[in-house]
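> Starting from these lines, generate the structure:
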Amino acid sequence: MNASLLKKCLAEFVGTFVLVFMGCGSAVLAGSHVGFLGISFAFGLSVLAMAYAIGHISGCHINPAITISMLATGKITAKETGGYIIAQILGAIAGAAVLYYIAGGKADYSLAANGLGQNGVEGGSPDHYSLVSGLVTEIVLTAIFLVVIHGATSKHNSNGLMAGTAIGLSLTLIHIVGIPVTGVSVNPARSIGPALFVGGDALSHLWVFIVGPIVGGLIGGGIWKAIDKPN
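Now for the predicted structure:
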């Protein structure tokens with residue numbers, strides 16, 4: 001589908017909204033019922049669902065780290081990159097805002113105590129991992145994620161119709177491993193949305209969840225280019 005840039009950006013807004021609302025919502029609204037494993041599947045299923053809903057429109061990046069990696073590997077233009085990233089961040093903020101409104105409907109909800117599914121290191125890490133551990137985790141997990149994304153969508157991959165499933169399940173796997181360390185970002189927009197409302201350490205450590213995924217995304221794109229070349 002040859003959609004206009006406006007429609008592509010709208011698709012990225014909607015997709016990122018769904019990712020943040022459903023993924024972070026699983027932690028805030030249902031975390032005590034589903035645990036870390038349920039939260040992991042909520043994020044993965046959100047991406048899987050959106051891949052088939054908007055993938056034919058925008059490619060379903062819904063993540064600035066993916067968009068920047070796609071730019072670095074020559075798959076999209078600089079103009080598309082700028083529009084996508086703005087739409088993704090706005091979608092993440094909107095998703096966090098709606099989640100905050102709904103969570104506030106519970107009498108004992110506290111933004112300070114319960115948060116919005118924000119990412120963190122040190123005191124904000126679920127298992128109190130250090131800042132360096134958190135940064136390395138975000139770089140490595142995002143690199144793995146981008147290898148899967150580039151590989152699953154490669155023109156050399158004969159199983160392209162299953163790309164959304166592979167990408168969604170890989171994000172689930174990443175969350176199963178990484179939630180105890182940082183809550184898992186691998187997506188700057190996903191971190192920016194909740195952090196703007198929560199503030200404090202979530203905001204002061206936000207750079208970890210911007211720099212880490214972008215660096216990891218570039219590394220993942222580089223690895224893919226090195227191994228995907230046809231013989």
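> Check the offset of the helix or strand residue 89 falls within from the chain's centre.
Following DSSP states H and E, one finds residue 89 within helix 78-103. On the basis of Cα atoms, centre = their mean, to the nearest Å, helix 78-103 is displaced by 11 Å from the centre of the chain it belongs to.
> now do stretch 209-220
With Cα atoms, centre = their mean, you get 11 Å for stretch 209-220.
> on that earlier part again, for the helix holding residue 89, packing partners?
helix 5-28, helix 64-72, helix 188-198 (3 or more Cβ pairs under 8 Å, 6 or more residues apart in numbering; DSSP states H and E). Bear in mind the C-beta positions are built from the backbone N, C-alpha and C, glycine included.
> so the second one versus helix 188-198, what angle?
Relative orientation of helix 64-72 versus helix 188-198 (axes from the mean of the first three to the mean of the last three Cα atoms, to 10 degrees): 150 degrees.
> Please name every helix or strand in contact with helix 64-72.
For helix 64-72, the packing partners by 3+ Cβ pairs under 8 Å, 6+ apart are helix 78-103, helix 131-152, helix 188-198, helix 208-227.
> So for that helix, mean pLDDT?
The predicted model assigns helix 64-72 a mean pLDDT of 97.
> check contacts around the residue nearest the centre of the chain.
The chain has residue 187 as the residue nearest its centroid, 3.6 Å off, counting by Cα atoms, centre = their mean. Neighbouring residues of residue 187 by Cβ atoms under 8 Å, 6 or more residues apart in numbering: 19, 62-66, 209, 213.
> from the residues you listed, which two are the most distant?
62 and 209 (15.3 Å; Cβ to Cβ).
> Return the alpha-carbon coordinates of the lowest-mean-pLDDT helix or strand in the chain using CSV.
Every helix and strand in the chain was compared by mean pLDDT, DSSP states H and E; the lowest is helix 111-114, with a mean of 94. The C-alpha trace of helix 111-114 is given here as CSV (Å, rounded to 0.1, in the frame of the first residue of the first chain):
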residue,chain,number,x,y,z
LEU,A,111,0.9,7.8,40.8
ALA,A,112,3.9,8.0,43.1
ALA,A,113,3.3,4.5,44.5
ASN,A,114,1.9,2.6,41.6
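> Which positions within that helix qualify as buried?
For helix 111-114, the buried set under the neighbour-count rule, 16 or more other Cβ atoms under 10 Å, comprises residue 114.
> contact partners of that helix?
Counting by Cβ under 8 Å, 6+ apart, 28, 100, 103, 197-198 sit against helix 111-114.
> again with stretch 148-163
Residues contacting stretch 148-163 (Cβ under 8 Å, 6+ apart): 51, 55, 59, 66, 69, 73, 166-167, 170, 220-221, 224-225, 228, 230.
> Same check on stretch 80-95?
Against stretch 80-95 from outside (Cβ under 8 Å, 6+ apart): 5, 8-10, 12-21, 24, 58, 61-64, 67-68, 70-71, 76, 188-190, 192-193, 196.
> before we move on, back to that, can you redo the helices and strands packed on helix 64-72 as CSV with mean neighbour count?
CSV is the format used below for the helices and strands packed on helix 64-72 (neighbours: other Cβ atoms under 10 Å):
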stretch, mean neighbour count
helix 78-103, 20
helix 131-152, 22
helix 188-198, 27
helix 208-227, 21
